[in-house]
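Undergrad: One predicted model, sequence on top.
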Amino acid sequence: MKSFIALDCEGPITLNDNAFELAKAFIPNGDAFFANVSKYDDFLADVIKREGYKAGDTLKLILPFFKAYGITNEQMEEFSQRSIAFLPGAREMLKSLPSLAPSFIISTSYRPYLEALSAVTGFPKDHIYCTQVDLSRYELSEKDSDTLKGLAQEIASMPQLSWPDGATSVEQLGQKEREVFNRLEEIFWTIIPKMSAGKMFDDVNPIGGHEKAQSVKDASKRTGISMANCLYGGDSITDVEAFRMVREEGGITISFNGNSYALRAAEFALIAPTSMVLELVIRTFLTLGPEGFRKAISDHQAGWLGPEEIMKLADCDCGLPSDKIESIEKSAPKIIFSPINGDNFDRLLGLSEDMRRFVRGTEIGNLG
């Protein structure tokens, strides 16, 4: 049975959040600036579900500010090459996967970052979907540049948006939160569109939400393999639509050290400090097929696979090299693999978010 693999990049493969790291490196108070824009992005995409807006559009909202602070294409490329950091075992996994099954990376990240990853791992560029960007195409007056720099610092100093669980509208925000929201609305949809750099909002289409789902669909079409025989792995809000689509088609979806958005949408949770476990799970899927894979997991009565059960997956003749099996054994006490359901969701979420912060750091781990 032919199958194909599709993975998000940042989380399942690398430790980075490239856009956050670029903002932090090149914009004063860029970490707070990015975190606040990212939270606004979550609110637009997941709470009020604004038409024409999707999770991941943070990556176009921040581009005029990149231009204002003089970031160039070359700096993005150099920074990405210098800063790329892999989860343990991920580099080797990327070298192995294309020989096992058609494999794709579907990432919201900018093209320069994925170019760096391809150069290091040899993963084929034509099997990577990501956000295209060219900052050299845009001009910015000194006046607009100064205005954007001031707005960046204003955004960085704002309290972060927060909302009640189950909120679906702006009216459910508190008074202070609504003031923050209204000011962000003014900045992004009134002030910046009047600038020449506002054209970036029309030109740049981040690969997030709907585009990730469409990328999986395109990979299925290119390979001639049904999405019922797809394994998709991701970890954040940008993976939700792809998770839902693959699940509807009968494929396997895995939240890898995912946040609440990913866990609510995926079928399985994998919590681990190393990508070698992800490779073990992928090889098991390729050996058993979707239904055999589900049966192998459901046969365990404990509710999820702990250290001993994880290692039993290596006995299914999936071809994982012995040195990787030995490395997994060392990390086994920290590994959990489980179907996600109403009974275990809260516990899995706590464990997954703890591992997410442990592996990627608190700043990146807390992003949507």
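TA: Good, I have the coordinates.

Undergrad: can you give me the helices in the stretch 151-300 of the chain?
TA: Ranges of helices within the stretch 151-300 of the chain are 175-186, 199-203, 210-223, 240-248, 260-265, 275-298, based on DSSP state H, counting those that start in this stretch.

Undergrad: Quick one, which of those helices gets closest to residue 153.
TA: Across these, residue 153 has its closest neighbour in helix 175-186 (13.3 Å, C-beta to C-beta). Where C-beta positions appear, they are placed from N, C-alpha and C, glycine not excepted.

Undergrad: what sits up against the closest one?
TA: By C-beta atoms under 8 Å, 6 or more residues apart in numbering, the residues outside helix 175-186 that reach it are 36-37, 40, 43, 154-155, 158-159, 161-163, 170, 173.

Undergrad: can I get the helices of the stretch 151-300 of the chain in JSON lines with mean pLDDT and distance to residue 50?
TA: What follows is those, written out as JSON lines (pLDDT from 0 to 100; distance: least, C-beta to C-beta, whole Å):
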{"stretch": "helix 175-186", "mean pLDDT": "97", "distance to residue 50": "10"}
{"stretch": "helix 199-203", "mean pLDDT": "95", "distance to residue 50": "14"}
{"stretch": "helix 210-223", "mean pLDDT": "97", "distance to residue 50": "13"}
{"stretch": "helix 240-248", "mean pLDDT": "97", "distance to residue 50": "15"}
{"stretch": "helix 260-265", "mean pLDDT": "95", "distance to residue 50": "16"}
{"stretch": "helix 275-298", "mean pLDDT": "88", "distance to residue 50": "33"}
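
Undergrad: so can I have a markdown table of the ones you listed showing mean neighbour count?
TA: Shown next, in a markdown table, are these (neighbours: other C-beta atoms under 10 Å):
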| stretch | mean neighbour count |
| --- | --- |
| helix 175-186 | 15 |
| helix 199-203 | 15 |
| helix 210-223 | 19 |
| helix 240-248 | 21 |
| helix 260-265 | 21 |
| helix 275-298 | 20 |
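
Undergrad: Select, out of those helices, the one closest to residue 135.
TA: Short answer: helix 199-203, nearest of those by C-beta to C-beta, at 8.5 Å.

Undergrad: Which other helices and strands does the closest one contact?
TA: helix 58-61, helix 63-68 (3 or more C-beta pairs under 8 Å, 6 or more residues apart in numbering; DSSP states H and E).

Undergrad: strand partners of the strand of greatest length in the chain, parallel vs antiparallel please.
TA: Ranked by residue count, the top strand of the chain under DSSP state E comes out as strand 103-110. When pairing is defined by DSSP bridges, strand 103-110 lines up against strand 4-7 (parallel), strand 128-131 (parallel).

Undergrad: Check the burial of residue 154 by counting its neighbours.
TA: Neighbour count of residue 154, defined by other C-beta atoms under 10 Å: 14.

Undergrad: Same question for the one 10 residues further on.
TA: With neighbours defined by other C-beta under 10 Å, the count for residue 164 comes to 11.

Undergrad: can you check the one 3 residues further on too?
TA: Neighbour count for residue 167, taken as other C-beta under 10 Å: 15.

Undergrad: Was I right to think it contacts residue 161?
TA: No: taking contacts as C-beta atoms under 8 Å, residue 167 lies outside contact range of residue 161: 10.7 Å.

Undergrad: Residues in contact with both of those two, list them for me.
TA: What both residue 167 and residue 161 touch, as defined by C-beta under 8 Å, 6+ apart, is the set residue 173.

Undergrad: before we move on, back to that, export the helices of the stretch 151-300 of the chain as JSON lines, with columns for distance to residue 229.
TA: Formatted as JSON lines, the helices of the stretch 151-300 of the chain follow (distance: least, C-beta to C-beta, whole Å):
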{"stretch": "helix 175-186", "distance to residue 229": "42"}
{"stretch": "helix 199-203", "distance to residue 229": "36"}
{"stretch": "helix 210-223", "distance to residue 229": "9"}
{"stretch": "helix 240-248", "distance to residue 229": "10"}
{"stretch": "helix 260-265", "distance to residue 229": "20"}
{"stretch": "helix 275-298", "distance to residue 229": "6"}
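
Undergrad: ok, residue 329 to residue 355 distance?
TA: Per C-beta to C-beta, to the nearest Å, residue 329 is found 18 Å from residue 355.

Undergrad: the more surrounded of these two?
TA: It is residue 355, of residue 329 and residue 355, that has more neighbours when counted by other C-beta under 10 Å, with 21 against 14.

Undergrad: what sits against residue 49?
TA: Counted by C-beta under 8 Å, 6+ apart, residue 49 has contacts residue 168.

Undergrad: mind checking the SS state of it?
TA: Three-state call for residue 49 (DSSP: H, G, I helix; E, B strand; the rest coil): coil.

Undergrad: same thing with the one 5 residues further on?
TA: Taken by three-state DSSP, the conformation at residue 54 corresponds to coil.

Undergrad: right, and it touches residue 208 too?
TA: Yes: with contact defined as C-beta under 8 Å, residue 54 counts as touching residue 208 (5.5 Å).

Undergrad: how deep is residue 29 tucked in, by neighbour count?
TA: With other C-beta under 10 Å as criterion, residue 29 counts 15.

Undergrad: Model confidence score at the closest residue to it other than its chain neighbours, please.
TA: Nearest residue to residue 29, sequence neighbours excluded (C-beta to C-beta, 6 or more residues apart in numbering): residue 156, at 3.9 Å. In this model, residue 156 is scored at 98, pLDDT.

Undergrad: if I pick residue 156, what's in contact with it?
TA: Contacts of residue 156 (C-beta under 8 Å, 6+ apart): 28, 29, 30, 32, 33, 36.

Undergrad: Including pLDDT, could those go into a markdown table?
TA: Listed next are the contacts of residue 156 as a markdown table, based on pLDDT from 0 to 100:
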| residue | pLDDT |
| --- | --- |
| 28 | 98 |
| 29 | 98 |
| 30 | 97 |
| 32 | 97 |
| 33 | 98 |
| 36 | 97 |
